[in-house]
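Visitor: give me coordinates for this.
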Amino acid sequence: MGGADSFCGLTGGCYFETNDVYPRAIEDAYKYWLEDNPDTQPDRERIVKPPVEILEKFIIPDDDVEASLDLVLITPIDEDGCYEADDDHDTPALLEPEPGSIGAFVNFTISDMPYYSGFRALHCDEKKFVGKLTKLYNDQDYFQQHFEDGVDYTNVNLISNKMYVRLDAFRVLMGRFPEIGMHMLYRVLFRRDSLDWEQCGLMAQDAFWLNVADKNEDEDVELFWLRLLSRTDITPDEIVQEAKMGRGRLYYHSRVDRFPSADYLPSLNPGSGPSVLSKLTFDLLWYLCENFIDNVQDVAALAVLDRATRTFILPHIDRISKRIIELHHPYLFPIGTRDYARGLEEFDEWDRIWKGQSEAWCAYARECRLSPHMKNRARMWRIAGNVRDQISKAGLLPPDGSSQARTQDVWSL
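Guide: Predicted coordinates for the structure are as follows:
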C-alpha cells in the first residue's frame, strides 16, 4: 500500500486526506491478488471478498481526521526569531541545533482539496509564537482563495529539513516535560534512529494509515487485512474490535484529547456470601487498595464480593480509583502547557464533558479501557517518555527520575 512522504516525527503517524478514509485499498488488494492474479496468492482458498459492512466500520471518524491535520511545524529559524520563506530559501540541516535556533509554528494545516492535498499551508496568528511566515501567493491565486483573508500563509513544501508533529501529541509532550526546548526536540526527531514509535509501521513512503497493522515480519500488510477479514473463528464485531483495538491498531490514529464521559456506578445487589476482606478494618482495606492494587478493575471486583466488603468500599470507590489513576495511570488526566498557544485545550474538553460535576472515577476508568482515544493516549505518554530519555542520553537534560517508570505503564485499568 503506497503512502505519502510526510509523517508525524513524534508519533510516526500519517495525516489523512479527506477523500481517503475508507479502506478501499483492501478491496483493491483483493481484486489484484484474488481476481486479477489468483495464481500469485497462496491463501486464495481461505480469503473471502472483504465485506463492505465491515469495511465501513473501519472508516476514520471526522474528528480523528481533523486531528491528523492539526499540526505543529518544527523548523530552523533566523536569528531574529522569524522565518522568511521564498522560492529560493533552503533551511540548513542542524544536527546540533543551539537554543533559539529552532521554532515551533502552530496551526500548520494541510489542504483538504483532494487534487491539491500535497499543498501544505501554515499560518501563525499568535505573536507569542516564534515568527510569522510570509505569504507566497497573491489574492487571485487559486490556493489563496481557499484560506482565510488577512492571514499570511506559505507553502511549507519549500521548507527543507523540517519536521512536524501532531498538536495533540505535542501538548502531551510539552505538558509532561515543559523543560524540553525546541532545539532538543528537533535534534531527537531529526535523527530519529533511536526513537521508539512502538512499531508504528508508518513513516516516509509508508505513511499510509492501513500500514499501521501489527503484521508478521514476512507478511504483506495487504495480506494481514485480507486474512483478518476472512477469519471464521470470530464474529464480525470481534473482527472490527481486532482491527481497531487489537493487531489492526487503528487506534493509533485516534486523537488523544477526547476523554470519555461516565455515569456513577449503579447500586449493586448483595453478594452471595461473606469474603475474608469483610473482616478487615477500613484502614487496612484502604492500605491494601492504595499500596497493592494498580488496577481500578480490581477495586471494582472487591466491591461486588459481598455486602460487608461493599459497605466498606462503595462510599470511597471513586476516591480510591482516583488515587490509583494518579499513581499508575496519570495519562488519563488532562495535561497542557501555557508556553504555547492552544496549549490548554484539553482542560476545556474536560470541562465540557464533566460540566463542573464531580468525576465518577471508577466508571471513568472503565470507559477509558474501551476508548481508542485513551489507548492511544497511553501510547503517546510512553513515546513522550522515550523522547525525554533520548534527550537525556544526548546530554541536553539531566535524567528524569519518573520517565522510565511511567513509560512502563501497561494498558490495564
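
Visitor: so how far is Asn216 from Pro260?
Guide: Plainly put, Pro260 is 32 Å away from Asn216 if you go by C-beta to C-beta, to the nearest Å. Heads up, the C-betas are built off the backbone N, CA and C, glycines and all.

Visitor: equivalent analysis for Trp209, please.
Guide: According to C-beta to C-beta, Trp209 and Asn216 sit 19 Å apart.

Visitor: again with Asp237
Guide: Taking C-beta to C-beta as the measure, Asp237 falls 24 Å from Asn216.

Visitor: swap in Leu71?
Guide: For Leu71 relative to Asn216 (C-beta to C-beta), the value is 32 Å.

Visitor: for Ser392, same thing?
Guide: Distance of Ser392 to Asn216, given as C-beta to C-beta: 34 Å.

Visitor: those two: which is more packed in?
Guide: More crowded of Ser392 and Asn216, by other C-beta atoms under 10 Å: Ser392, with 15 against 11.

Visitor: once you drop chain neighbours, what's closest to that one?
Guide: Leaving aside its chain neighbours, Ser392 sits nearest to Pro399 (4.8 Å; criterion: C-beta to C-beta, 6 or more residues apart in numbering).

Visitor: list the buried residues in stretch 332-349.
Guide: Neighbour counts over stretch 332-349 (16 or more other C-beta atoms under 10 Å) mark 332, 334-337, 340-344, 346 as buried.

Visitor: filter those down to just the ones in helices.
Guide: Per DSSP state H, helices hold the following members of those: Glu346.

Visitor: which among the buried residues of stretch 332-349 gets closest to Pro99?
Guide: Within those, the smallest distance to Pro99 is 16.4 Å, found for Tyr340 (C-beta to C-beta).

Visitor: which SS state does Met356 fall under?
Guide: Small correction: residue 356 is Gly, not Met. Under DSSP: H, G, I helix; E, B strand; the rest coil, Gly356 falls in the coil class.

Visitor: Trp225 reaches Arg24, doesn't it?
Guide: No. Counting by C-beta atoms under 8 Å, Trp225 does not reach Arg24; the two are 11.6 Å apart.

Visitor: so which of these two has more stuff around it?
Guide: When Trp225 is set against Arg24 and neighbours are counted by other C-beta under 10 Å, the residue ahead is Trp225, at 24 against 12.

Visitor: now the more buried one: closest residue in space, sequence neighbours ignored.
Guide: Using C-beta to C-beta, 6+ apart and skipping the chain neighbours, the partner closest in space to Trp225 is Ile26 (4.8 Å).

Visitor: correct me, but that neighbour touches Arg227?
Guide: No. With contact defined as C-beta under 8 Å, Ile26 does not reach Arg227; the gap is 10.9 Å.

Visitor: who has more neighbours, these two?
Guide: Ile26 (22 against 15).

Visitor: contacts only, for the more buried one.
Guide: Applying C-beta atoms under 8 Å, 6 or more residues apart in numbering, we find Ile26 in contact with 50, 55, 210, 222, 225-226, 229.

Visitor: per-domain residue ranges of this protein.
Guide: Listed domain ranges for the chain are 24-59+214-248, 259-369 (source: automatic domain parsing).

Visitor: mean pLDDT lowest where, among these?
Guide: Sorting the domains of the chain by mean pLDDT places domain 259-369 lowest, at a mean of 75.

Visitor: end-to-end on that domain?
Guide: 11 Å (C-alpha to C-alpha, to the nearest Å).

Visitor: please enumerate the helices of the stretch 151-300 of the chain.
Guide: Residue ranges of the helices in the stretch 151-300 of the chain, as given by DSSP state H, counting those that start in this stretch, are 167-176, 182-191, 221-229, 236-245, 282-292, 296-303.

Visitor: give the rounded mean pLDDT of the first one.
Guide: So the one you mean is helix 167-176. On average, helix 167-176 scores 94.

Visitor: confidence score at Gly201?
Guide: 58.

Visitor: not counting sequence-adjacent ones, nearest residue to Ile335?
Guide: Closest residue in space to Ile335, ignoring its immediate chain neighbours: Gly175 at 3.6 Å, by C-beta to C-beta, 6+ apart.

Visitor: now do the contacts for Leu226.
Guide: So Leu226 contacts 26, 29-30, 33-34, 43, 47, 50 (C-beta under 8 Å, 6+ apart).
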